[in-house]
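Colleague: my questions are about this predicted structure, shown below with the sequence.
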Amino acid sequence: MEALKADPVCKWASDARTTITKIGDLDSLSTLTVWHLFTYDDVTAFRDLKLNRKARTAHIRKPILNNSEIAAMETQSGHTMPQVQAFGIERRWIVEELPEWDLLDALSHCYTFLARLVINCEQDLIRTSRDLLPYEYPETLISEIHSPECMRAKETDRLDVISPQTGHASIAQTKRIEADPNIGPELEKRYGPLKPITRNVSSPLDLVDDLLQHAKRVLVADGSHMRFYQLFRGGSAVYGEVVELGNRTDKYLHSLRLAEMAAKYRADGFLEIAEGWVGSVAEAESHPAVEISEQPNRKESLSVTAFTRTEGPLTKWVIFRRTAFGVVFDEEQTDFVAWNFLKPLAQAWGYPTDGRSPLKE
């Protein structure tokens, strides 16, 4: 009991139960906040403000910019300011006694705290009664106790990213993938001999060269290549997804989700294969609201990007053209920078995202 009383969130939960059962409903301080997102820098700042609870309380009643402020900035800049690319809408259930906590997060914390307390008590009982109890909990079980999946509200669970052009929320599709050890012969029949890629590697960066060659053969055979990413921890693949993205809104939500999934799986490495567009820097600077996919002289590209917490990023990519004779590839390029959509992930890993980080502009 003393341990529960010493934890401020658990003490609040106990007091809240008394209030609800004997007095009435909790006094709410819940908020719905709308954020204007112009670039991936804004997406990164948005995530930082959400996760840094102490800094967040100073903005709890006021978005970064309101509509009148945006209009004033557009007037002062001579209408050269980039248009809003997306709106981030976040709901938070808050009570006055815990302004830095979302209620679901607070309840999840209480569950985990109580579960560890119960397990530790039973472990102490086992240690003092080994002759009576023929089992004991392994230390790994005690250290890895956490709340059920249904109690863990992810960053994107409370968030909608809405396109100002359509008024619709992002509907980016994701599908978790698992390795199939029996699919090898079918893949070789379609794509030719493939160099085996083991599940455990010294670094995802070591896979970039071979995966780009594999991806080029897939593109030639199928005419397209799905966007696929994988997360690593200590050289072992821990999670992978196929992702379907549409407009900029989907990409903003995807960038937030990458940081979220990396935190969930305690990942320290990232690898992605994707098709994309390469456009003119001059065109992007003169028309910042126009997506690269809409530039008149855009080119298609295929890329493999690896990024680790300790080694930084490595990207190998190639521009390709579709002709009457099939897909034709230009010369392969190598960059030691990562794409802008990785800025939230870089922030989660402690990289600066203020222009000094190795991220592609």
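Modeller: Yep, it's here.

Colleague: give me the neighbour count for residue 234.
Modeller: Other residues near residue 234 come to 10 when the count uses other C-beta atoms under 10 Å. Where C-beta positions appear, they are placed from N, C-alpha and C, glycine not excepted.

Colleague: now it. Its backbone dihedrals?
Modeller: Phi and psi for residue 234, reported as degrees, to the nearest 10, are phi 60, psi 30.

Colleague: how near is it to residue 200?
Modeller: Relative to residue 200, residue 234 is positioned 9 Å away (C-beta to C-beta, to the nearest Å).

Colleague: equivalent analysis for residue 281, please.
Modeller: Residue 281 is 39 Å from residue 200, by C-beta to C-beta.

Colleague: and the top helix by length along the chain, which residues are buried?
Modeller: Longest helix in the chain, counting residues (DSSP state H): helix 103-128. Going by neighbour count (16 or more other C-beta atoms under 10 Å), the buried part of helix 103-128 is 103-114, 117.

Colleague: centre of the chain to that helix, how far?
Modeller: 29 Å (C-alpha atoms, centre = their mean, to the nearest Å).

Colleague: quick one: average pLDDT of that helix?
Modeller: Across helix 103-128, the average pLDDT comes to 77.

Colleague: who are the packing partners of it?
Modeller: Counting contacts by 3 or more C-beta pairs under 8 Å, 6 or more residues apart in numbering; DSSP states H and E, helix 103-128 packs against helix 2-6, helix 8-22, helix 139-143.

Colleague: following the last one, which helix or strand comes up?
Modeller: What that stands for is helix 139-143. Using DSSP states H and E, the helix or strand that follows helix 139-143 in sequence is strand 159-162.

Colleague: run through the stretch 251-361 of the chain and note the low-pLDDT ranges.
Modeller: The model of the stretch 251-361 of the chain has pLDDT under 70 over residues 284-285, 287-291, 338, 352-361.

Colleague: so in terms of bridging, what pairs with residue 88?
Modeller: Following DSSP bridges, residue 88 is listed with bridge partners residue 35, residue 161.

Colleague: what's the burial count for it?
Modeller: Residue 88 has 24 neighbours, counted by other C-beta under 10 Å.

Colleague: against residue 159, how distant is it?
Modeller: Taking C-beta to C-beta, one finds residue 88 at 6 Å from residue 159.

Colleague: check residue 89 too.
Modeller: 7 Å.

Colleague: more crowded one of these two?
Modeller: For residue 89 versus residue 159, neighbours defined as other C-beta under 10 Å are more numerous around residue 159 (22 against 15).

Colleague: so that one touches residue 256, yeah?
Modeller: Yes: contact criterion C-beta atoms under 8 Å: residue 159 and residue 256 qualify, at 7.2 Å.

Colleague: show me where the stretch 251-361 of the chain has strands.
Modeller: Remark: strands assigned in the stretch 251-361 of the chain by DSSP state E, counting those that start in this stretch are 269-278, 299-308, 312-323, 326-329, 333-335.

Colleague: quick one: residues in contact with the first one.
Modeller: If you take C-beta atoms under 8 Å, 6 or more residues apart in numbering as the criterion, strand 269-278 is touched by 203-204, 207-208, 211, 215, 219, 224-225, 227-233, 235, 258, 262, 292-293, 295, 298-309, 317, 319, 342, 345.

Colleague: can you check the fourth one too?
Modeller: Taking C-beta under 8 Å, 6+ apart as the criterion, the residues outside strand 326-329 that touch it are 216, 219, 220, 223, 318, 319, 320, 321, 322.

Colleague: just the third one next, same as before
Modeller: For strand 312-323, the surrounding residues in contact (C-beta under 8 Å, 6+ apart) are 205, 208-209, 212, 216, 219, 276, 278, 299-307, 327-339, 342, 358-360.

Colleague: mind listing what's buried in that strand?
Modeller: By 16+ other C-beta under 10 Å, the buried positions in strand 312-323 come out as 312, 313, 314, 315, 316, 317, 318, 319, 320.

Colleague: name the stretch among the helices and strands packed on helix 103-128 that sits most buried.
Modeller: Among the helices and strands packed on helix 103-128, ranked by average contacts under mean count of other C-beta atoms under 10 Å, first place goes to helix 8-22 (a mean of 13).

Colleague: mind giving me the packing neighbours of that helix?
Modeller: Contact partners of helix 8-22 among helices and strands, from 3+ C-beta pairs under 8 Å, 6+ apart: helix 2-6, helix 103-128.

Colleague: which of those sits closest to residue 44?
Modeller: Set against residue 44 and scored by C-beta to C-beta, the helices and strands packed on helix 8-22 come closest in helix 103-128, at 21.2 Å.

Colleague: okay, the angle between that closest one and helix 8-22?
Modeller: 110 degrees (axes from the mean of the first three to the mean of the last three C-alpha atoms, to 10 degrees).
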